[in-house]
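Visitor: below are the sequence and a predicted model; questions follow.
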Amino acid sequence: MSEHFDLVVVGAGPAGEKGAAQAAYFGKKVCLIERSPKPGGAAVNTGTIPAATLRESALVLSGLRRKGLYGVEFHLQPDLSVADFMQRERQVIESAWHDIEENFARHHIVTMQGTARFTGPQAIEVARHGKDTRSVSGDIFLVATGTHPWRPAHVPFDGHVVIDSTDVPTMPRVPQRLIVVGGGTIGSTYACIFAALGSIVTIVNPRARLLAQFEPEVSDAVRQEFTRRLGIHVHLDAQVTRIDAQAGLGYVTIADGTTLVADCVLYCAGREGATSGLGLENAGVATNTRGFITVDEKYRTSTTHIYAAGDVIGAPGRASTSMEQARVAMCHAFGLRYKQSVSAIIPYGVWTIPEIATVGLSEQEARARGLSCEIGMASLRHNARGQLLGETTGFVKLIFQRDDQRLLGATIVGEGACEIIHIASAVLAHQGTIDYFIQAVFSFPSLSEAYKYAAYDGLQRVQKSIGASGGMAGQQTADA
């Protein structure tokens, strides 16, 4: 006999959890189905938290944050496993599990552990290990199953020599030599982490720049830090023609005939929607060739009572946006006049070494839209806190309109970038101008103070370009 709910959610990652809680908060009867024994999705179990834990461990235990500053060098013991650097991971993950399960209990959400499959537009079967199959039906459905690494057939994944990002937390040891295929967010993040842990790292990237979603100056600064500070070898515009695993070694051949050899090959060349086996065809839900679900502006799928949110619908693929998408989707699904859209001001951070963060428009995007804009730059090398941290290439960049100085966007490279970007987010959200940074008092020494000098720089550029000495630019460019 089928159990009926107002809402049935598939997937207990960030989107599934918050979507379920949003509906339950307004009194809806909710069932949440999760295939894994524990909630949290990739963000908690295989992706964000494990990667962040490994990064922090690498920075602290390798002494990278202090190298060159105090004349002291740190050396890691050989043959350490990744698990040796993850002592905090289990505690953090277990705390996350507890918080999520407590959220479910607080909202009286019914949870089921098992594999969900649509048998029709309003029915799901849940296959449970060692137990009878359960059937559930619902008025509304939310699919929040996330993504997993793309595994093309020609790559011989074996979980040991040739791996993807989900294999990293269980690696038996830190490889002496590592080849990372792909210079995007995940590939670049793990490349710098393992370099900090002492691995000889090579990145093979088919694109002309690392982290090509950012402006060229960001890519250039990151590449400089990768090569100079971390000793990473970078091959750009390099098409991989073959990957092999033989006798415990990985071989990567690129189009110019060069073959690279390492103890481990980490393949990070994209992700695909985790929708295989979900039976979406039985519910009339359309997906694209990578398994991502197609939705409209209200997060409705091609079957209008079935919604989807989070990574499973594609970019931006961030936990922060996934949560908001699911909340908005449920407000539309149940006619709740609470949240009608996801904020247009979405900060984007990458926890590489150094960190990268951006919000709003880039300079390229602003000029492509025909906006009359100017930029202001401040180097963290000239910031007191930046000097304490050993910053050499980091910067704060502001993009603003020339006529009224309204902030259009900000980009930051350097330690703490993913934290201080939210100052720019707040100014953008209130349609503020760079005068906020001029007038504000920032703690000294702090990285945030760089905003003020980026704003000064921007006003000086405006003054020089118009050849004037009066007005706002003339009055405020003096560095007091």
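Guide: It's in.
Visitor: residues contacting S199?
Guide: By CB atoms under 8 Å, 6 or more residues apart in numbering, S199 lies in contact with 174-178. (C-beta placed from N, C-alpha, C; glycine too.)
Visitor: chain center to the longest strand anywhere in the chain: distance?
Guide: Scanning the chain for the strand with the most residues, using DSSP state E, yields strand 134-143. How far strand 134-143 lies from its chain's middle: 29 Å, per CA atoms, centre = their mean, to the nearest Å.
Visitor: which strand or helix spans V396?
Guide: Following DSSP states H and E, one finds V396 within strand 395-401.
Visitor: contacts for that strand?
Guide: Counting by CB under 8 Å, 6+ apart, 217, 221, 360-363, 366, 371-380, 406-414, 424, 433-434, 437, 450-451, 453-455, 458 sit against strand 395-401.
Visitor: same thing but 6 Å
Guide: The contact list for strand 395-401 (CB atoms under 6 Å, 6 or more residues apart in numbering) reads 361, 363, 366, 373, 375-379, 407-413, 434, 450-451, 454, 458.
Visitor: repeat for stretch 279-296
Guide: Under CB under 6 Å, 6+ apart, the answer for stretch 279-296 is 117-121, 272-273, 275, 301-303, 306, 308, 312-314.
Visitor: which one among the residues you listed gets closest to Q91?
Guide: Minimum distance to Q91 across those is 28.8 Å, recorded for V312 (CB to CB).
Visitor: tell me the spacing between that closest one and S322.
Guide: To S322, V312 is 9 Å away according to CB to CB, to the nearest Å.
Visitor: next one: E34
Guide: Distance of E34 to S322, given as CB to CB: 15 Å.
Visitor: ok, R151 next?
Guide: Using CB to CB, we find R151 at a distance of 22 Å from S322.
Visitor: which of these two has more neighbours?
Guide: S322 (28 against 13; other CB atoms under 10 Å).
Visitor: helix or strand: which one has that one?
Guide: helix 319-333.
Visitor: burial of the nearest residue in space to L249 that is not next to it in sequence, as a residue count?
Guide: What sits nearest to L249 in space, not counting adjacent residues and going by CB to CB, 6 or more residues apart in numbering, is V261, at 5.8 Å. By other CB under 10 Å, the residues close to V261 number 14.
Visitor: who does V261 bridge with?
Guide: As for beta bridges, V261 partners with Y251 under DSSP bridges.
Visitor: what about it, distance to G11?
Guide: 39 Å.
Visitor: first-to-last residue distance for stretch 125-143?
Guide: End-to-end distance for stretch 125-143: 14 Å, by CA to CA, to the nearest Å.
Visitor: show residues contacting it.
Guide: Against stretch 125-143 from outside (CB under 6 Å, 6+ apart): 2-10, 19, 31, 33, 112, 114-117, 119, 122-124, 305-308, 333.
Visitor: please redo it, this time with the cut-off set to 7 Å
Guide: 2-11, 16, 19, 31, 33, 112-117, 119, 122-124, 293, 305-309, 312, 326, 329-330, 333-334 (CB atoms under 7 Å, 6 or more residues apart in numbering).
Visitor: in strands, which of those appear?
Guide: Short answer: these in strands (DSSP E) are 3-10, 31, 33, 112-113, 115-117, 119, 123-124, 306-308.
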